[in-house]
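Peer 1: return atomic coordinates for the entry below.
(2 chains)
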Amino acid sequence: SAVISQKPSRDICQRGTSLTIQCQVDSQVTMMFWYRQQPGQSLTLIATANQGSEATYESGFVIDKFPISRPNLTFSTLTVSNMSPEDSSIYLCSVKGATPNTGELFFGEGSRLTVL
Amino acid sequence: GENVEQHPSTLSVQEGDSAVIKCTYSDSASNYFPWYKQELGKRPQLIIDIRSNVGEKKDQRIAVTLNKTAKHFSLHITETQPEDSAVYFCAASSGRDDKIIFGKGTRLHILP
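Peer 2: Numbering: from 1, shown residues only, chains lettered A, B, ... in the order given. As a prediction, this is how the structure comes out:
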């Protein structure tokens, strides 16, 4: 298993501002995944964060809006830039377990952002 | 890219009855199909998964079946209990890029 800590757990933000979410894992992992879960909705993959290279973004998500850093194998940040009320959501960091050939994703507790 | 469709969006079953949730996927290269359960206010957790070299897998009251030809897979929960009430997500992964794509979820209500 993997233990993932995210912060902040929740925040209320003003329109036009930016917020950075931090994700810390208790073991070294190659890839970290950032998901968004809007209220009552599914888990939408924003991007895959690889250590030592640019993040890979999914369709509909761009680096200018959601810049990601991955300075080492245990840590990543996601910034939500120039926020609008439509960005109100839970943002989840996730990693796969260290055991080879297991595909299980472990999630952080999520960061609930409310944009006013 | 991969697209996962999930039905129904809401399901109510009497306690003790069975529940079935169905999903289809689009990418024939997908070879890993997990199911996650998310209770209210909590993070999603894996409950069962299946790989494409297996047609069925069972773990106590839950089972998953996979039809590769038709590109669909299903979750079966038998003898449902109140603690089974939650949102269930199916997902698919091709392994090429390790990313996991989720369906829209099914809200399961177990009625007393």
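
Peer 1: which residue is the nearest non-sequential neighbour of the residue nearest the centre of chain A?
Peer 2: The residue lying closest to the centre of chain A (C-alpha atoms, centre = their mean) is residue A:34, at 3.2 Å. With sequence-adjacent residues excluded and distances taken as C-beta to C-beta, 6 or more residues apart in numbering or on different chains, residue A:34 is closest to residue A:46, at 4.5 Å. Backbone N, C-alpha and C define where each C-beta goes, glycine included.

Peer 1: follow-up on the earlier one: output the contacting helices and strands for the helix or strand containing the residue nearest to the centre of chain A.
Peer 2: Using DSSP states H and E, residue A:34 maps to strand A:31-37. Applying 3 or more C-beta pairs under 8 Å, 6 or more residues apart in numbering or on different chains; DSSP states H and E, one finds that strand A:31-37 contacts strand A:19-25, strand A:44-50, strand A:75-80, strand A:89-96.

Peer 1: which parts of the first one are buried?
Peer 2: What it means is strand A:19-25. Across strand A:19-25, burial judged by 16 or more other C-beta atoms under 10 Å in any protein chain shown covers A:19, A:21-23, A:25.

Peer 1: JSON lines for these, including pLDDT?
Peer 2: Formatted as JSON lines, those follow (pLDDT from 0 to 100):
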{"residue": "A:19", "pLDDT": "97"}
{"residue": "A:21", "pLDDT": "98"}
{"residue": "A:22", "pLDDT": "98"}
{"residue": "A:23", "pLDDT": "97"}
{"residue": "A:25", "pLDDT": "94"}
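
Peer 1: list the contacts of residue 91.
Peer 2: Just going to use chain A. Residues near residue A:91 by C-beta atoms under 8 Å, 6 or more residues apart in numbering or on different chains: A:21, A:34-37, A:46, A:78, A:80, A:110-111, A:113.

Peer 1: nope, chain B please
Peer 2: B:4, B:33-36, B:100-103.

Peer 1: also residue A:13?
Peer 2: With C-beta under 8 Å, 6+ apart, residue A:13 has these contacts: A:19, A:83, A:113-116.

Peer 1: which among those end up buried?
Peer 2: A:19, A:83, A:113, A:115.
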